[in-house]
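Trainee: only geometry, no sequence info:
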């Protein structure tokens with residue numbers, strides 16, 4: 001078992017109507033002024049925006065707004081938010097939405113607190129933030145787990161790069177999680193969330209590390225529940241239990257619990273980030289679904305026993321040979337298809353002639369090898385992209 005630090009300082013307010021307390025919750029931090037960060041009109045359509053504004057006004061909390069966050073959030077809006085916050089003495093950021101909004105808020109908070117830095121340097125690994133300002137979030141979708149994670153992922157459209165970095169300064173002070181706020185999420189986005197939540201823990205389970213039996217069992221329980229209740233939520237969007245199970249799984253899947261004692265690599269995430277940086281219309285969860293089964297078929301021989309346990313526990317496959325593993329991978333592929341997710345790059349409108357360029361970007365011009373049971377350099381990455389283009 002690897003050495004590790006498990007740190008989860010985010011206070012979670014979970015359940016119905018918890019968002020109505022937002023003014024009182026923020027008042028505890030004595031802010032001068034709050035920047036509310038969100039995407040489009042969805043929070044207004046479901047009535048959440050009015051509830052938040054009413055609660056802030058009741059506590060006499062000053063606020064400004066920054067809207068327009070898009071899926072695969074982009075650097076220019078982060079810069080806009082930092083400028084707005086600096087000019088208006090903002091000392092608290094409230095993210096209302098999903099992972100894109102939360103990651104935008106994290107970068108803004110770090111940019112305001114470190115005015116001498118370009119936040120993109122954090123994503124490039126050139127610098128690390130040394131301080132931040134307070135921040136909280138109200139979730140409207142279960143997917144990224146950003147509400148309790150230390151990661152922040154942003155796309156730079158000028159360079160077609162999507163980069164993430166980890167820092168405990170990225171962790172929110174609090175997260176409000178009311179499953180009812182996810183009832184209006186579309187079937188497609190619900191499916192993308194199912195894939196992303198499960199993948200955060202699937203990938204940790206297959207990251208490097210041994211002798212982590214308790215953590216493995218926790219991870220497998222999270223994955224099983226995501227697949228079970230994800231299917232229910234997909235079919236019945238207003239099933240409270242299903243939405244609640246997904247929402248809590250989202251937080252547990254990406255807060256560090258399921259890689260305690262294991263390496264933190266998220267290999268398939270790195271393969272996917274290149275896709276959605278290249279084409280921002282590709283939803284992150286859809287990209288993961290299109291890649292994972294091909295990655296699994298390419299790498300299972302390098303961690304055979306771990307794959308056997310996975311297919312036994314998750315897909316109830318019997319047998320202890322190669323065919324059992326391949327059957328389990330096929331079951332997962334069929335699950336993705338049952339919730340309308342792609343299982344090939346071709347379905348994402350990626351062209352065959354783009355694969356070499358994508359492999360070059362992912363391998364950073366052949367200068368990077370992604371570690372794992374099966375290390376992935378340029379050629380291995382290209383092999384997986386080719387396998388995923390149109391799986392047989």
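Mentor: Arrived safely, thanks for sending. Being a predicted model, the structure only gives us computed values, none of them experimental.
Trainee: the strands in the protein, which residues?
Mentor: 11-14, 34-38, 63-66, 92-97, 134-139, 151-156, 161-166, 174-177 (DSSP state E).
Trainee: counting contacts, what elements does the third one pack onto?
Mentor: Spelled out, that is strand 63-66. Counting contacts by 3 or more Cβ pairs under 8 Å, 6 or more residues apart in numbering; DSSP states H and E, strand 63-66 packs against strand 34-38, helix 75-87. All C-beta atoms are positioned from the backbone trio N, CA, C, and that covers glycine.
Trainee: if we use 6 Å, what do you get?
Mentor: With contacts taken as 3 or more Cβ pairs under 6 Å, 6 or more residues apart in numbering; DSSP states H and E, strand 63-66 sits against strand 34-38.
Trainee: picking that back up, may I see the strands of the chain organised as a markdown table, with distance to residue 382, mean pLDDT and mean neighbour count added?
Mentor: Formatted as a markdown table, the strands of the chain follow (distance: least, Cβ to Cβ, whole Å; pLDDT from 0 to 100; neighbours: other Cβ atoms under 10 Å):
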| stretch | distance to residue 382 | mean pLDDT | mean neighbour count |
| --- | --- | --- | --- |
| strand 11-14 | 41 | 98 | 16 |
| strand 34-38 | 38 | 98 | 26 |
| strand 63-66 | 39 | 98 | 18 |
| strand 92-97 | 35 | 98 | 27 |
| strand 134-139 | 37 | 98 | 25 |
| strand 151-156 | 22 | 95 | 23 |
| strand 161-166 | 19 | 93 | 19 |
| strand 174-177 | 39 | 98 | 23 |
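Trainee: so which of those comes closest to residue 294?
Mentor: For residue 294, the closest of the strands of the chain is strand 161-166, at 19.9 Å, according to Cβ to Cβ.
Trainee: report the distance from the closest one to the chain centre.
Mentor: 12 Å (Cα atoms, centre = their mean, to the nearest Å).
Trainee: distance of the nearest residue to residue 80 once chain neighbours are set aside from residue 287?
Mentor: Closest residue to residue 80 apart from its sequence neighbours, by Cβ to Cβ, 6 or more residues apart in numbering: residue 66 at 6.9 Å. From residue 66 over to residue 287 the distance is 26 Å, taken as Cβ to Cβ, to the nearest Å.
Trainee: swap in residue 16?
Mentor: Taking Cβ to Cβ, one finds residue 16 at 33 Å from residue 287.
Trainee: go on, residue 97?
Mentor: In terms of Cβ to Cβ, residue 97 sits 20 Å off from residue 287.
Trainee: with residue 338 instead?
Mentor: In terms of Cβ to Cβ, residue 338 sits 18 Å off from residue 287.
Trainee: of the two, which one has the most company?
Mentor: Neighbour tally, residue 338 and residue 287, criterion other Cβ atoms under 10 Å: the higher count belongs to residue 287, 29 against 11.
Trainee: just checking, that one touches residue 274?
Mentor: No: with contact defined as Cβ atoms under 6 Å, residue 287 does not count as touching residue 274 (9.0 Å).
Trainee: what about residue 220, neighbour count?
Mentor: There are 19 residues near residue 220, going by other Cβ under 10 Å.
Trainee: leaving out sequence neighbours, find the closest residue to it.
Mentor: For residue 220, the spatially nearest residue (Cβ to Cβ, 6+ apart) is residue 313, at 4.7 Å.
Trainee: what's around the one you found, how many residues?
Mentor: Around residue 313 there are 18 residues (other Cβ under 10 Å).
Trainee: distance of the residue nearest the centre of the chain from residue 44?
Mentor: Residue closest to the mean C-alpha point of the chain, counted by Cα atoms, centre = their mean, is residue 144 at 2.7 Å. Distance of residue 144 to residue 44, computed by Cβ to Cβ: 22 Å.
Trainee: ok, residue 171 touching residue 150?
Mentor: Yes: contact criterion Cβ under 6 Å: residue 171 and residue 150 qualify, at 5.5 Å.
Trainee: okay, now the domains of this structure?
Mentor: 11-181, 187-389 (automatic domain parsing).
Trainee: for the ones you listed, which one sits closest to residue 4?
Mentor: So among these, domain 187-389 is nearest, using Cβ to Cβ, at 5.2 Å.
Trainee: avg pLDDT for the closest one?
Mentor: Across domain 187-389, pLDDT averages out at 96.
Trainee: got it, and stretch 107-124?
Mentor: 98.
Trainee: how far does it sit from its chain's centre?
Mentor: 20 Å.
Trainee: so which bits of that stretch are buried?
Mentor: 107-114, 117, 119-120, 122-123 (16 or more other Cβ atoms under 10 Å).
Trainee: looking at these, which one is closest to residue 84?
Mentor: Checking these one by one against residue 84 (Cβ to Cβ), the nearest turns out to be residue 108, at 8.6 Å.
Trainee: my guess is that closest one meets residue 82, correct?
Mentor: Yes: assessed by Cβ under 6 Å, residue 108 is found in contact with residue 82 at 5.5 Å.
Trainee: now do the same contact list for residue 140.
Mentor: Counting by Cβ atoms under 6 Å, 6 or more residues apart in numbering, residue 140 touches 97, 181.
Trainee: could you pull up phi and psi at it?
Mentor: Residue 140 adopts backbone torsions of phi -120, psi 0, taken as degrees, to the nearest 10.
Trainee: so what touches stretch 44-51?
Mentor: Outside stretch 44-51, the residues touching it (Cβ under 6 Å, 6+ apart) are 43, 184.
Trainee: give the full set of residues in contact with residue 382.
Mentor: residue 359.
Trainee: buried sites along stretch 337-352?
Mentor: So for stretch 337-352, counting by 16+ other Cβ under 10 Å, buried means 339, 341, 342, 343, 344, 345, 348, 350.
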